[in-house]
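1. Test case, fold it:
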Amino acid sequence: MEALLIAVAVFAATLLSAPFTVAQTPTYKYIRIGSAQDATTKATAGYVLMGGGSDLDDAFRFLCEKGGGGDFLVLRASGDDDYNDYVKGLCQTNSVATLIIPDRESAGDAKVADIIRLAEAVFIAGGDQARYINWWLDTPVENALNAHIAAGKPIGGTSAGLAVLGEYIYSAQGDAPDDDDLASRLALVNPYFSRVTVRRNFLKIGLLRDTLTDTHFAERDRMGRTLTFLARIVQDGWSPRPREIAVDEKSAVLVERDGKARVIGSGKGAYFLSVHEPPQVCRENAPLTFRNIAVYHAPAGSEFSLKDWKGKGGSAYALSVVGGKIQSTQPGGEVY
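-> Numbering: from 1, shown residues only. Sure, this is the predicted structure:
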């Protein structure tokens with residue numbers, strides 16, 4: 001159907017971490033296909049944790065089903081509306097729309113918050129999670145997303161969109177625009193390296209309380225850095241026993257409202273980590289030592305309960321970091 005360009009404003013400056021104010025005209029874009037009239041359907045809670053890389057059709061179908069065929073909304077900080085036709089081709093929905101929120105001025109516009117509140121299902125696209133935190137944290141966008149969650153409506157994300165779903169977030173706010181990904185080796189040798197930036201309390205999904213979410217996991221060898229994030233969460237006094245859901249590329253975890261989850265995709269699936277003791281060495285300019293982190297690897301086809309923190313169809317092992325080097329109980333010392 002013909003795309004309806006609902007709102008395009010001009011002249012915005014990017015304010016990264018300034019206090020929330022509405023001082024200039026916002027520059028958000030809202031592109032919608034399907035019905036222009038809002039639908040009211042019976043939505044039920046459900047969560048899509050997608051690790052990045054190729055999108056998974058069944059993950060989007062899961063969100064559409066949980067949204068009751070209502071209005072499906074894709075959120076981005078940059079990019080285009082490519083998801084619109086893709087999702088509309090997969091699902092029977094009243095509409096599919098993309099809302100691009102590229103600055104704090106746009107995030108402060110009441111119309112933007114209203115668009116989010118009227119959606120039955122929300123999906124946060126990939127990109128740069130630093131933009132989501134810098135531009136959306138402590139704004140009406142955050143409030144509208146948490147109202148959506150509190151109302152029992154489904155939400156999901158991929159890549160950077162997954163990174164911001166948990167209580168704890170690797171925010172990437174210490175990265176320069178041309179930096180490569182934060183490498184595990186850099187985090188392990190200095191847990192307080194300037195690029196090891198962890199934030200908390202953006203979204204309030206009950207099942208992801210006390211949980212860090214990570215993406216592109218095995219594909220980009222992120223185990224070392226995620227262990228460093230967990231150590232920092234403990235060392236900085238946020239939680240004595242945080243958990244982690246780390247999802248590989250071409251993989252997704254589909255979570256029901258009761259916490260029962262299943263893993264889909266063609267990647268290496270998901271890794272569920274839990275901390276059982278504080279780090280032995282976690283300080284600036286010293287290699288990390290952090291022992292006895294429990295890991296459950298859940299490949300595609302396996303199941304996991306977020307409430308019981310137990311899985312079926314996968315394998316359990318333990319990791320330790322000693323002097324910045326990872327040790328594993330798996331055969332051959334395999335980390336993944």
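2. part of a helix, is Val96?
-> No - counting by DSSP: H, G, I helix; E, B strand; the rest coil, Val96 is not found in a helix; it is strand.
3. Just to check, it is in contact with Gly89?
-> No - counting by Cβ atoms under 8 Å, Gly89 is not a contact partner of Val96; they are 9.3 Å apart. (Glycine included, C-beta is placed from N, CA and C.)
4. More neighbours: those two, which one.
-> Each of Val96 and Gly89 has its neighbours counted (other Cβ atoms under 10 Å); Val96 has more, 28 against 10.
5. Run through the bridge partners of the more buried one.
-> Ile33, Phe72 (DSSP bridges).
6. Tell me where this protein has helices.
-> 57-66, 82-90, 104-107, 110-118, 129-136, 140-150, 160-163, 184-189, 223-235 (DSSP state H).
7. Ok, which of the ones you listed comes nearest Val335?
-> Proximity to Val335, assessed across the helices of the chain by Cβ to Cβ, is greatest for helix 223-235 (5.0 Å).
8. Other residues contacting that closest one?
-> 168, 170, 182-188, 191-192, 196, 198, 212, 214, 217, 239-242, 244, 246, 271, 273, 275, 278-279, 282-283, 288, 290, 293, 319, 321, 326, 335-336 (Cβ atoms under 8 Å, 6 or more residues apart in numbering).
9. Can you flag the buried ones in those residues?
-> 168, 170, 182, 184, 186-188, 191-192, 196, 198, 212, 214, 217, 239, 242, 244, 246, 271, 273, 275, 279, 282, 288, 290, 293, 319, 321, 326, 335-336 (16 or more other Cβ atoms under 10 Å).
10. Restricted to strands, list those.
-> 168, 170, 198, 212, 214, 244, 246, 271, 273, 290, 293, 319, 321, 326 (DSSP state E).
11. Quick check: the gap between the first one and Leu273.
-> This means Tyr168. 12 Å (Cβ to Cβ, to the nearest Å).
12. Kindly report the same for the fifth one.
-> For Asp214, the distance to Leu273 (Cβ to Cβ) stands at 9 Å.
13. ditto for the last one
-> Distance check for Ile326 against Leu273: by Cβ to Cβ, it reads 12 Å.
14. How is the protein divided into domains?
-> Under the assignment automatic domain parsing, the domains of the chain span 1-9+25-165, 188-336.
15. which one of the ones you listed has the lowest average pLDDT?
-> For the domains of the chain, the weakest mean pLDDT is recorded on domain 1-9+25-165, namely a mean of 94.
16. From the chain's centroid, how far away is it?
-> Relative to its chain's centre, domain 1-9+25-165 lies at 13 Å (Cα atoms, centre = their mean, to the nearest Å).
17. need the contact list for the nearest residue to Leu254 once chain neighbours are set aside.
-> Counting by Cβ to Cβ, 6 or more residues apart in numbering, Leu254 lies nearest to Phe62, which is 5.0 Å off, once chain neighbours are set aside. Residues in contact with Phe62 (Cβ under 8 Å, 6+ apart) are 46, 48, 154, 156, 254.
18. Among those residues, which pair sits farthest apart?
-> Across the contacts of Phe62 (Cβ to Cβ), the longest gap, 10.1 Å, separates Pro154 and Leu254.
19. So between the two, which is more surrounded?
-> Pro154 (27 against 22).
20. how close does the nearest residue in space to that one that is not next to it in sequence get to Lys42?
-> The shortest distance from Pro154 to any non-neighbouring residue, by Cβ to Cβ, 6+ apart, is to Lys66 (3.6 Å). When distance is defined by Cβ to Cβ, Lys66 is 10 Å away from Lys42.
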